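*Asks:* coordinates for the following, if possible.
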Amino acid sequence: MNYKSIHFRLSFWYSLTFFIGLILTFTSFYLVTRQVLYNQTDTSLVNHGRKVVEVVSQKSSDMHQILAQRTFLSEFSEIPGMLVTILDEKGNIISSSMMCCYDQSIFNGFYQKAVSGKVSFIQNQIIAGENLRFFTSPVFSRDILLGVVLVGHPIGIIQNSLNTILIVLGFVAILLLIPTILGGFLLSKKALQPVTAISENLKFVSSENLNRKVESPKTADELEKLADSFNLLLTRLNKAFKREKEFIATVAHELKTPLSIIRGNTELTLAKTRSPLEYKKALQDSLIDINSMSQILTNILDLAVSEAGAFKSNLKVFDLSKTLHELTEIALNLAKAKHININTQIDEKVFISGHPDKLSRAILNILDNSIKYSPPKTVIGITLKRKRGLALIEINDHGSGISQKDLPHIFDRFYRGENVRYTPGSGLGLAISHAIITSHQGRLAIVSSPRHGTKVTISLPLSSRTLLTNALK
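*Replies:* Next comes the predicted model:
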């Protein structure tokens, strides 16, 4: 048996707790029973003792003669087992219902305690091999000590009864120990059964089947929460593995073509001796492909980082209005060749929290698409306004639009619609923009139809600085 297992520890602590509770219960029962029996005996002793003290304290004229009379003591001696002993003021026995087999030193102890304390008391004492419970009281008359009265009652029967109860309780406790341990073992096994099931299920989980789920015990307790947490963990791991596989597949897919071109050009160039100009042209062609690969890698890394949520830390508050003005200037330069006008309506001092460079790239990707797919001499509109705690950016163009077939897939990496298949691009721009904006707790929505242009809406949470400024207005 594994003594460090939870099963063993639960069984041990359950059994120990139950057994300790049982011992405390039995001990309390024993002590209460003993107290009740002693209280009954003490009541009888006190009643008889006080009668003797009362009679003795009233016989003050010829004390020694009266105390010597056996007729006085016979009244109490007739009670079965009752012992009545009277000591004089010096501690000597004047009369006793048991005139033999006693130890004078025992009565001397009672005498000294009664005289020094000047109060009555009850005490157990063995006399002639028999357990007796004594009521002892000094007798005073006008503050003069007349003697000491001792009234004893046998408690052998009480002691035997208490010993019998103690033996029975001990025997019952030992008998209950085995079913207690067995019950603790079975209860702990049943309680840990869902944990065991979860553990067995997890043995079959690997990187190849992370979509496998742990069966929930449906117990509405911590074990169900544990199963749900495991399933949530498996879901996150599955997504992480999928991202890793997609990343590897993406890199392989995107780098395969330019590497093949570079290899072909290099092999062709080395096939025979070339002039310096031909070598230079071959190197320039290779440099173009290398720059293309570098840009592809940058895009893929940004996409992977944004999807992993790495942009949620090290945020800073910045002026989105200023950033959008700067992006408008860049867009104007990009639109010059197609004579596209850009109209802006930007609210000032709109502050948000995030990474300015990453968000700038996300917005610029959208502006670049609008310019790329818009006909010459058209207009692109850019607006920024505050609405219900959000910064809303709208980019409208009059381009070719997106078909309803392609619209659900525009955020998929490397996806390109039929109408833009021959337009230069990698199909990563919108995927990167969507991942960056989403990682900033924002939302990217696109409404479009063929020949009617496209409307892109970006919503981002306002920073507390903007909200405070609006509240003070």
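*Asks:* quick one: average pLDDT of stretch 357-368?
*Replies:* Stretch 357-368 carries an average pLDDT of 88.
*Asks:* need the residues that contact it.
*Replies:* 302, 306, 311, 320, 323-324, 326-327, 330-331, 334, 352, 380, 382, 393, 395, 429-430, 432-433, 436-437, 440, 456, 458, 460 (Cβ atoms under 8 Å, 6 or more residues apart in numbering). For glycine as for every other residue, the C-beta is placed from the backbone atoms N, C-alpha and C.
*Asks:* so of those, which ones are in helices?
*Replies:* Mapping the contacts of stretch 357-368 onto helices (DSSP state H) picks out 302, 306, 320, 323-324, 326-327, 330-331, 334, 429-430, 432-433, 436-437.
*Asks:* any chance you could map the strands in the protein?
*Replies:* 83-88, 93-96, 121-127, 130-141, 144-154, 316-319, 341-346, 351-354, 379-387, 390-397, 443-448, 454-461 (DSSP state E).
*Asks:* identify the bridge partners of Thr344.
*Replies:* Ile382 (DSSP bridges).
*Asks:* do the same with Ser353
*Replies:* Bridge pairing for Ser353 - DSSP bridges - gives Val317.
*Asks:* quick one: contacts for it?
*Replies:* Ser353 is in contact with 315-317, 461, 463, counting by Cβ under 8 Å, 6+ apart.
*Asks:* where does pLDDT dip in the stretch 51-200 of the chain?
*Replies:* 58-81, 98-103 (pLDDT under 70).
*Asks:* one more: the stretch 301-450 of the chain?
*Replies:* In the stretch 301-450 of the chain, residues with pLDDT under 70: 302-313, 413-427.
*Asks:* again, only this time at 50
*Replies:* Within the stretch 301-450 of the chain, the stretches with pLDDT under 50 are 421-422.
*Asks:* count of residues packed around Lys387?
*Replies:* By other Cβ atoms under 10 Å, 10 other residues sit near Lys387.
*Asks:* how close does it sit to Ile380?
*Replies:* The gap separating Lys387 from Ile380 is 21 Å, by Cβ to Cβ, to the nearest Å.
*Asks:* tell me, how many residues neighbour Leu327?
*Replies:* 20.
*Asks:* for the nearest residue to Ile395 once chain neighbours are set aside, give me the pLDDT.
*Replies:* Setting aside the residues directly before and after it, Ile395 is nearest to Val456 in space (Cβ to Cβ, 6 or more residues apart in numbering), at 4.5 Å. Looking at Val456, its pLDDT stands at 92.
*Asks:* name whatever forms a beta bridge with Val456.
*Replies:* Beta-bridge partners of Val456, as defined by DSSP bridges: Ile395, Ile446.
*Asks:* isn't Phe204 up against Arg212?
*Replies:* Yes: contact criterion Cβ atoms under 8 Å: Phe204 and Arg212 qualify, at 6.8 Å.
*Asks:* the more surrounded of those two?
*Replies:* Arg212 (14 against 8).
*Asks:* would you check how far apart that one and Leu202 are?
*Replies:* Arg212 is 9 Å from Leu202, by Cβ to Cβ.
*Asks:* Thr328 against Asn341, yeah?
*Replies:* No: using Cβ under 8 Å as the test, Thr328 is too far from Asn341 to be in contact (11.6 Å).
*Asks:* more crowded one of those two?
*Replies:* Thr328 (16 against 11).
*Asks:* re the thing from before, verify the contact between the residue nearest to Ile395 and Ile446 for me.
*Replies:* Yes: between Val456 and Ile446 there is a contact under Cβ under 8 Å: 5.3 Å.
*Asks:* those two - which one has more neighbours?
*Replies:* Val456 (21 against 18).
*Asks:* could you find the closest non-adjacent residue to Phe185?
*Replies:* Closest to Phe185 by Cβ to Cβ, 6+ apart is Ser11, at 4.6 Å.
*Asks:* and the one you found, how many neighbours?
*Replies:* 22.
*Asks:* could you measure from it over to Asp221?
*Replies:* Taking Cβ to Cβ, one finds Ser11 at 20 Å from Asp221.
*Asks:* distance of the residue most central in space within the chain from Leu232?
*Replies:* Nearest residue to the geometric centre of the chain (Cα atoms, centre = their mean): Glu222, 9.2 Å. Separation of Glu222 from Leu232 (Cβ to Cβ): 15 Å.
*Asks:* try Ala220
*Replies:* In terms of Cβ to Cβ, Ala220 sits 17 Å off from Leu232.
*Asks:* now do the contacts for Ile122.
*Replies:* Counted by Cβ under 8 Å, 6+ apart, Ile122 has contacts 42, 45-46, 133-136.
*Asks:* reformat these as CSV; add neighbour count and distance to Leu31.
*Replies:* Formatted as CSV, the contacts of Ile122 follow (neighbours: other Cβ atoms under 10 Å; distance: Cβ to Cβ, whole Å):
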residue, neighbour count, distance to Leu31
Asp42, 16, 16
Leu45, 22, 20
Val46, 15, 21
Arg133, 20, 17
Phe134, 21, 22
Phe135, 24, 22
Thr136, 26, 24
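*Asks:* got those residues as CSV, with distance to Thr273 columns?
*Replies:* Below are the contacts of Ile122 laid out as CSV (distance: Cβ to Cβ, whole Å):
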residue, distance to Thr273
Asp42, 129
Leu45, 134
Val46, 134
Arg133, 129
Phe134, 133
Phe135, 134
Thr136, 135
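*Asks:* which among those gets closest to Ile288?
*Replies:* Asp42 (112.9 Å; Cβ to Cβ).
*Asks:* any idea what the nearest residue to that closest one once chain neighbours are set aside is bridged to?
*Replies:* Among residues not flanking Asp42 along the chain, Ile122 sits closest, at 5.7 Å (Cβ to Cβ, 6+ apart). Under the criterion DSSP bridges, Ile122 forms beta bridges with Phe135.
*Asks:* separation between Ile122 and Lys113?
*Replies:* In terms of Cβ to Cβ, Ile122 sits 11 Å off from Lys113.
*Asks:* identify the contacts common to those two.
*Replies:* Going by Cβ under 8 Å, 6+ apart, residues that sit against Ile122 and also against Lys113 are Thr136.
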